[in-house]
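>>> Predicted model follows, preceded by the sequence.
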Amino acid sequence: MAGEAPELSAQERAGRAFPVSWDQFHRDCRALTWRLNEVGPFHAVIAITRGGLVPAAIVARELGVRVIDTVCIASYDHDKQGELQVLKGISEQAMKLGGGTGKGLLIVDDLVDTGKTGRMVRKMLPDAHFATVYAKPMGRPLVDTFITEVSQDTWIFFPWDTALSYHPPLRDGAA
Ligand SMILES: O=P(O)(O)OC[C@H]1O[C@H](OP(=O)(O)OP(=O)(O)O)[C@H](O)[C@@H]1O
Ligand code: HPA
Ligand SMILES: [Mg+2]
């Protein structure tokens, strides 16, 4: 409608930026594994795609876990924002390994923000251990183990979503 302000995306609403390099992400995943090593052993890792695939590979490598499954979740388009769609559920084999409730399974995602995604997966596997690399306050209570907390108004920029680019000097008005 004419005169209406365009709706801002979650990223645009976030006031702060937290860019993460590959090196930093790898270090944070290793730090996460140190903590998880005290909690395991785990029969399998369940990665929440797509963001959870990267930490899941690193964590599984460090913990020596060879069985990795995915749960594929997508957000609806913007007029139904917030609704989630399960494109692929957890495999029967992984469900069996977790005794039907997820006991001994490790769910991995890159981050929790509002907690909507994590809440949905927790419902599928109530007894699994849920680990993320980063957590924002709204989603934090859902997570069993995480490494770094950032404020709710921070947007985390992952290395697979970004590229190096020119940044003007402060003197020229750079933020
Ligand atoms: O706590 P929430 O508010 O639910 O947000 C967290 C989820 O959002 C991101 O995934 P996204 O839906 O952007 O998809 P992707 O992993 O495929 O990039 C992130 O990887 C988490 O899975
Ligand atoms: O802060 C974030 N960064 C990247 N993806 C996300 N999805 C939800 N929150 C975020
Ligand atoms: Mg995701």
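Happy to help now that I have it. Keep in mind the model is a prediction, meaning the values are calculated, not measured. Residues are numbered from 1 along each chain as shown. Ligands and ions are numbered 1, 2, ... in the order given.

>>> Tell me the residues of this protein that contact ligand 2?
111, 113, 155, 156 (C-beta under 6 Å from any ligand atom). The C-beta positions use only the backbone N, C-alpha and C, and glycine is treated the same way.

>>> Next, give me the two most distant ones among those residues.
Largest separation among the residues of the chain next to ligand 2 by C-beta to C-beta: 111 and 155, giving 10.4 Å.

>>> out of these two, which sits in the more crowded spot?
Neighbours were tallied for residue 111 and for residue 155 using other C-beta atoms under 10 Å; the higher tally belongs to residue 111 (22 against 18).

>>> That one is in what secondary structure piece?
strand 105-112 (DSSP states H and E).

>>> Same check on residue 121?
Going by DSSP H and E, residue 121 is part of helix 116-124.

>>> hang on, the earlier thing: mind checking how far the strand holding residue 111 is from the chain centre?
Distance of strand 105-112 from the chain centroid (C-alpha atoms, centre = their mean, to the nearest Å) equals 6 Å.

>>> How about stretch 6-24?
From the chain centre to the centre of stretch 6-24 is a distance of 14 Å (C-alpha atoms, centre = their mean).

>>> What of stretch 31-49?
14 Å.

>>> now the protein, which segments are flagged as low pLDDT?
1-3, 76-82, 174-175 (pLDDT under 70).

>>> Buried residues of the longest helix along the chain, list them for me.
The longest helix of the chain (DSSP state H) is helix 22-37. Neighbour-count burial for helix 22-37, counted by 16 or more other C-beta atoms under 10 Å, picks out 25, 28, 29, 32, 33, 36.

>>> Neighbouring strands of the strand holding residue 111 in the sheet, and parallel or not?
Each strand paired with strand 105-112, and its direction, by DSSP bridges: strand 44-49 (parallel), strand 129-135 (parallel).
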